[in-house]
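> Have a look at this prediction, sequence included:
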Amino acid sequence: MNLKPAFASARVSLPALLITLTSTLALLGSAPSARADNLVDGVSIVPAGSPVLTTNIPDPASSSVTPCDELGGVVLSPNVPSPLTATQIQIVVRNVAMAPIIDAAIEVRFHTPELVCPNAVLTGMTDSSGRLSLTLAGGGCQTDEFFGCVVRANGVTIRNFSNVKSPDFDGAGGDHKVDIADLVAFSAEFLGTSAPDCHDYDNTGTTDLGDLIMFAPAFTDASHCP
């Protein structure tokens, strides 16, 4: 079967491409039904003439993860007795038309699962405004780690953060509490005797007052996982 004429133009539209694929499969005796399963994130092969719906397909550029977007990474911390403000994130999921997506299935996944507290809740559904609030409870440090923290909505990756940091910088080793070891490490970065790294929570290249404001309550409260 010669498909060359159908794909001769590099500027073929998506609906035209879907119609061509559907027609070809029909000739082969395997045309998909109107309820075809998703092949990849939010993309389905549908019968010719059916509309291509994007209502529930998240658009990463239109969506947001606060405050992680502003910090250039993720801050997590043990959440007992109370969570740090920087660890309380709000995810807003929108489609390409900037419309909020209701009941979008959210999943936050870390490259190193040991980072999170046992009671951490990292999944949920968006509300009528396309929003979901989660608390990132845990400890440890990952810098420049591809897939350090991935946020998915309806199976679509809307964020991939390479920096994951915590006042409990050694938490990935099973510590999961902010104590004197964390204070020593923070002080070394803050005073300049060590290069900015795990305690540069806002990823500015310096461990400064802004980072101290995030570290101090975790240390004074002796934050820990339950």
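Everything's here; your move.

> Show me where this structure has its strands.
Along the chain, the stretches classed as strands by DSSP state E are 64-66, 74-75, 88-92, 105-110, 123-125, 131-135, 149-153, 156-161, 164-165.

> residue contacts, the residue nearest the centre of the chain?
Computing the C-alpha centroid of the chain and ranking residues by C-alpha atoms, centre = their mean puts Val151 first, at 1.8 Å. By C-beta atoms under 8 Å, 6 or more residues apart in numbering, the contact set of Val151 is 65, 91, 106-108, 157-161. The C-beta positions use only the backbone N, C-alpha and C, and glycine is treated the same way.

> Among the residues you listed, the buried ones, what's the ChimeraX command?
The buried residues among the contacts of Val151 can be selected in ChimeraX (16 or more other C-beta atoms under 10 Å) with this line:
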select :65,91,106,108,158,159,161
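
> Which positions within stretch 193-201 qualify as buried?
Result for stretch 193-201 [16+ other C-beta under 10 Å]: buried residues 194, 196, 198-201.

> Other residues contacting that stretch?
Contact with stretch 193-201 is made by 71, 73, 75, 86, 141, 143, 165-167, 169, 185-186, 188-190, 205-207, 210-211, 214-215, as judged by C-beta under 8 Å, 6+ apart.

> average model confidence for that stretch?
For stretch 193-201, mean pLDDT rounds to 96.

> quick one: low-confidence ranges for this structure?
Applying pLDDT under 70 to the chain flags residues 1-54, 172-174.

> now the helices for it?
All helices of the chain, identified by DSSP state H, fall at 14-27, 68-71, 180-190, 209-220.

> picking up where we left off before, tell me the bridge partners for the residue nearest to the centre of the chain.
Beta-bridge partners for Val151, by DSSP bridges, are Val108, Arg159.

> With Val164 as the reference, measure out to it.
12 Å (C-beta to C-beta, to the nearest Å).

> Same question for Met214.
Applying C-beta to C-beta, the value for Met214 to Val164 is 14 Å.

> cool, and Ala181?
Computed as C-beta to C-beta, the Ala181 to Val164 distance reads 19 Å.

> Please apply the same query to Ser128.
Distance of Ser128 to Val164, computed by C-beta to C-beta: 30 Å.

> one step back: possible to save the strands of the chain as CSV with distance to Ser223?
Formatted as CSV, the strands of the chain follow (distance: least, C-beta to C-beta, whole Å):
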stretch, distance to Ser223
strand 64-66, 21
strand 74-75, 12
strand 88-92, 13
strand 105-110, 18
strand 123-125, 23
strand 131-135, 12
strand 149-153, 19
strand 156-161, 21
strand 164-165, 14
